[in-house]
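K.L.:
how would this look folded up:
(one chain, ligands or ions: 1)
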Amino acid sequence: MEIMNKQNKRWKEFVCRLLEGLNFRKENGKHVWNCDHTHNKSMSILKEMEDVDIAKTMEYFKSNGARCCSCEIMMNIDARD
Ligand SMILES: [Zn+2]
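P.N.:
Here you go, the predicted structure:
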């Protein structure tokens, strides 16, 4: 089982699917997306990706700035170096 963090070789794939899942897009020059203020979207993607330790991955997300929402993973974890 793997933890889906930035060091994971599938991280980009995960983020890509998350962007798609949240319908991240540009409207009138602004970035907009659909957010339900939960981690449901990221969790269902992690389940689809298989062999991911979801509980440990959630711990990683929560302690790295994505406390309550899938979009925080893009904003606070992926965008950071
Ligand atoms: Zn959000």
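K.L.:
name the element residue 61 belongs to?
P.N.:
If you go by DSSP states H and E, residue 61 is part of helix 54-63.
K.L.:
grab the nearest non-local neighbour of the residue nearest the centre of the chain.
P.N.:
When Cα atoms, centre = their mean is applied to the chain, the residue found nearest the centroid is residue 73 (4.5 Å). Once flanking residues are discounted, residue 73 sits nearest to residue 66: 4.5 Å by Cβ to Cβ, 6 or more residues apart in numbering. Using the backbone N, CA and C atoms, a C-beta is placed for each residue, glycine as well.
K.L.:
which ones are touching that neighbour?
P.N.:
Neighbouring residues of residue 66 by Cβ atoms under 8 Å, 6 or more residues apart in numbering: 39, 72-73, 76-77.
K.L.:
now swap in residue 17 and tell me
P.N.:
Residues in contact with residue 17 (Cβ under 8 Å, 6+ apart) are 45, 48-49.
K.L.:
closest to the ion out of those residues?
P.N.:
Using Cβ to the ion, residue 45 is the member of these that lies nearest the ion, at 14.4 Å.
K.L.:
the closest one and residue 13 touch, don't they?
P.N.:
No: with contacts counted by Cβ atoms under 8 Å, residue 45 stays clear of residue 13, the gap being 9.4 Å.
K.L.:
who's more crowded, the two?
P.N.:
residue 45 (20 against 13; other Cβ atoms under 10 Å).
K.L.:
so the more buried one is in which element?
P.N.:
helix 40-49.
K.L.:
and the angle for that helix with helix 54-63?
P.N.:
Here the directions of helix 40-49 and helix 54-63 differ by 140 degrees (axes from the mean of the first three to the mean of the last three Cα atoms, to 10 degrees).
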